[in-house]
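Colleague: Just need the structure, nothing else, for what follows:
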Amino acid sequence: MKNLTLVVGGSGVVGTELIKELRAKGVPVRATSSKAAANKDGVETVKLNLLTGEGLTQAFEGVERAFFLSPAGYADQYKNLSPLIQEAKRRGLKKVVLMTAMGANAVETSPMRRAEIELEKSGLAYNIIRPNWFLQNFHTFWIQGIKTQGRFSSPAATQR
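Modeller: Next comes the predicted model:
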C-alpha cells in the first residue's frame with residue numbers, strides 16, 4: 001500500500017480522531033494499539049507493546065509516514081518513544097510527527113525532550129507538536145473539582 005501512514009495509539013482519543021481525518025482525505029492508515037490486533041472500519045490495527053517491542057516490525061511494514069505519541073501514565077516516555085524513532089530512522093520514513101506536551105523542552109534531560117532531541121538528530125523530516133489543552137481533560141482530570149466545587153484549579157496565578 002503506497003503512502004501508508006502509521007498512527008501509534010490509534011485506539012486512543014487523539015489517534016482515533018487523527019485516523020478519521022486522514023481517512024477522510026483518502027490517506028491509507030495503519031493503527032497500533034496495546035489491545036488485540038483487529039481491523040476496525042477498514043483500518044488495520046497492529047498490537048504493539050512499546051515496552052517489549054512486540055509488534056514493532058509488523059507495525060512499520062510498508063509505512064512511509066508516522067505519528068507517534070507515548071501513552072499517558074509512564075514516567076519515562078523516552079523508553080516508549082525511542083524504539084519508534086529508531087525504527088523510523090532505520091526504515092527511512094519520509095515524515096514523522098511526534099506529539100509530546102507543552103513544556104517538554106523546559107528541561108533538556110526530561111524523557112519527552114530526550115525523544116524530541118533524538119528525532120531532531122535522526123535526519124528524518126519531522127514535526128513536533130506540544131498540545132496543552134484537551135477538552136476531555138474537563139471530564140477526566142478536572143471532573144472532581146468541577147463536581148464538588150463547581151470549578152477546576154489551574155496553576156495560573158491571578159489569570160482569569
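Colleague: From now on I want contacts and neighbour counts done on CA atoms only, so please keep to that.
Modeller: OK.
Colleague: How about the contacts made by the residue most central in space within the chain?
Modeller: Relative to the mean C-alpha position of the chain, the nearest C-alpha, by Cα atoms, centre = their mean, is the one of residue 69, at 1.8 Å. Going by Cα atoms under 8 Å, 6 or more residues apart in numbering, residue 69 touches 8, 9, 81, 98, 99, 100.
Colleague: Against residue 153, how distant is it?
Modeller: 26 Å (Cα to Cα, to the nearest Å).
Colleague: and the worst-scoring helix or strand of the chain on mean pLDDT, how far out from the chain's middle?
Modeller: None of the helices or strands of the chain scores lower by mean pLDDT, DSSP states H and E than strand 38-40, at a mean of 72. Using Cα atoms, centre = their mean, to the nearest Å, the mean C-alpha position of strand 38-40 is found 19 Å from that of the whole chain.
Colleague: Make sure residue 46 is indeed in a strand.
Modeller: Yes. Residue 46 forms part of a strand when assessed by DSSP: H, G, I helix; E, B strand; the rest coil.
Colleague: what's across from it in the sheet?
Modeller: With DSSP bridges as the criterion, residue 46 is bridged to residue 32.
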